[in-house]
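Undergrad: Could you work out the structure for the sequence below:
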Amino acid sequence: MATATPDARLTPEHIFNALTAFQSTAALKTAIEMDLFTAIAEGHNQAATLAKRIGAAERGARILADYLAVYGFLAKTGNVYALTPESALFLDRGSPAYLGTMSQFLASDRGKKSFDLLPEAVRKGGTAMREGDNTKPQDELWVSFARSMAPMTAPAAIFMAQVAGMPEQKPAQILDVAASHGMFGITFARQNPKAHIAALDWPAVLEVAKENARAAGVADRFTFLPGSVFDADLGAGYDFVLLTNLLHHFDKPTNEKLLRRIHAALKPGGRAITLEFVPNEDRVSPPTSAAFGIIMLTTTDSGDAYTLSEYDAMFRNAGFSKSTLYQLPNGPQQLVVSEKPE
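TA: Now for the predicted structure:
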């Protein structure tokens, strides 16, 4: 029987850090909820003043801030803390690029529970959550997603609109499937004053999209379609269909059924623009996209992180021609642009 050869250069640190990674999640979520990063940006940058500002014990504030400095979320010189460029941009509530609301969804109790059930999900090959597959119309879950994750979409939405390349003065019909917060369609509407958006999602979720469209001043160019993409009347003649973070929830046959409906809704020469986590063909790189599959294992019956070749095959089987992959310049996700033949 083969045995491991001792190597003085090897340590169990990587294993130790993985088994305690939940501590980093808890520390970062706590700091966001207590507005620690905002407090430091305001100048409360030593343990005593920081503790007073966030309503904590000095010992508690010091140990939490030190931990965040260890893991690169803060810098520390002597007894003075400072935000890193990343934290200043994304975790200071005063920043226009603030993303702290993401913790409400990404570090939710439901998300942690799904991973507590990972052994059962691995044995089963699908979610072990009592609530079942998260593709069902669960208002609380998806309204929470819409309200907490909208800020993260801005760079992806802008890039999607750039890839689409809509002439500013040419009318465009756009279907935003699983519209959620509506920010993707809103971004297209802002770029093109003659674009009209049909936003589809569950009724409770669409209320969030309506709020955001009104706030953005583009609600008059929105139509809201309540229901499921598998059943609702999608209409036809669209220049673009936006498929954002949707296809990873389903198996390939289900996706092909959905994509045939999308193909029928597009006009000849129209394009489907898919935002997804797309791993390389080795399925272990790039890290964020490749690791996304395990989230689908714990939360869906049959979803996955699909490679470009898998997406290309699904789209071709639904009637599309070529699919082209684009890497988001400021995010971990990828775009797949698929064309309907003229």
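Undergrad: end to end, how far does stretch 318-336 reach?
TA: 15 Å (Cα to Cα, to the nearest Å).
Undergrad: got a list of contacts for it?
TA: Under the contact criterion Cβ atoms under 8 Å, 6 or more residues apart in numbering, stretch 318-336 has outside partners 152, 155-156, 159-160, 163, 256, 259-260, 262-263, 272-278, 286, 288-289, 308, 311-312, 315-316, 337-341. No exception for glycine: its C-beta is placed from N, CA and C like everyone else's.
Undergrad: Quick check: the gap between residue 335 and residue 220.
TA: Residue 335 sits 28 Å away from residue 220, going by Cβ to Cβ, to the nearest Å.
Undergrad: So which of those two has more stuff around it?
TA: A count of neighbours by other Cβ atoms under 10 Å puts residue 335 above the other of residue 335 and residue 220, at 20 against 9.
Undergrad: Shouldn't the more buried one be within a strand?
TA: Yes: judged by DSSP: H, G, I helix; E, B strand; the rest coil, residue 335 forms part of a strand.
Undergrad: so what pLDDT did it get?
TA: Looking at residue 335, its pLDDT stands at 97.
Undergrad: Give me the distance between it and residue 342.
TA: Distance from residue 335 to residue 342, by Cβ to Cβ: 22 Å.
Undergrad: Tell me where this protein has strands.
TA: Assignment of strands within the chain using DSSP state E yields the ranges 74-77, 80-83, 172-177, 195-201, 222-226, 238-244, 266-276, 323-327, 334-339.
Undergrad: CA-only coordinates of the fourth one in PDB, if you can.
TA: C-alpha atoms of strand 195-201 as PDB (Å, rounded to 0.1, in the frame of the first residue of the first chain):
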ATOM      1  CA  ALA A 195     -35.000  50.800 -26.100                       C
ATOM      2  CA  HIS A 196     -38.100  49.100 -24.700                       C
ATOM      3  CA  ILE A 197     -37.700  46.400 -22.000                       C
ATOM      4  CA  ALA A 198     -40.000  43.500 -21.200                       C
ATOM      5  CA  ALA A 199     -39.000  42.300 -17.800                       C
ATOM      6  CA  LEU A 200     -40.100  38.800 -16.700                       C
ATOM      7  CA  ASP A 201     -40.000  37.300 -13.200                       C
END
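Undergrad: what residues does the lowest-mean-pLDDT helix or strand in the chain touch?
TA: Lowest by mean pLDDT, DSSP states H and E among the helices and strands of the chain is helix 139-149, with a mean of 88. Defining contact as Cβ under 8 Å, 6+ apart, one finds that helix 139-149 is touched by 101-105, 108, 110, 134, 180-181, 201-202, 204-205, 207-209.
Undergrad: what do you get for stretch 46-63?
TA: 34-36, 39-40, 42-44, 64-65, 79-81.
Undergrad: okay, the strands of the chain in a markdown table with distance to residue 214 next?
TA: Converted to a markdown table, the strands of the chain look like this (distance: least, Cβ to Cβ, whole Å):
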| stretch | distance to residue 214 |
| --- | --- |
| strand 74-77 | 37 |
| strand 80-83 | 33 |
| strand 172-177 | 16 |
| strand 195-201 | 13 |
| strand 222-226 | 9 |
| strand 238-244 | 20 |
| strand 266-276 | 24 |
| strand 323-327 | 31 |
| strand 334-339 | 28 |
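Undergrad: between these, which one is nearest to residue 17?
TA: Ranking those by proximity to residue 17 (Cβ to Cβ) places strand 74-77 first, at 18.5 Å.
Undergrad: All set now, cheers.
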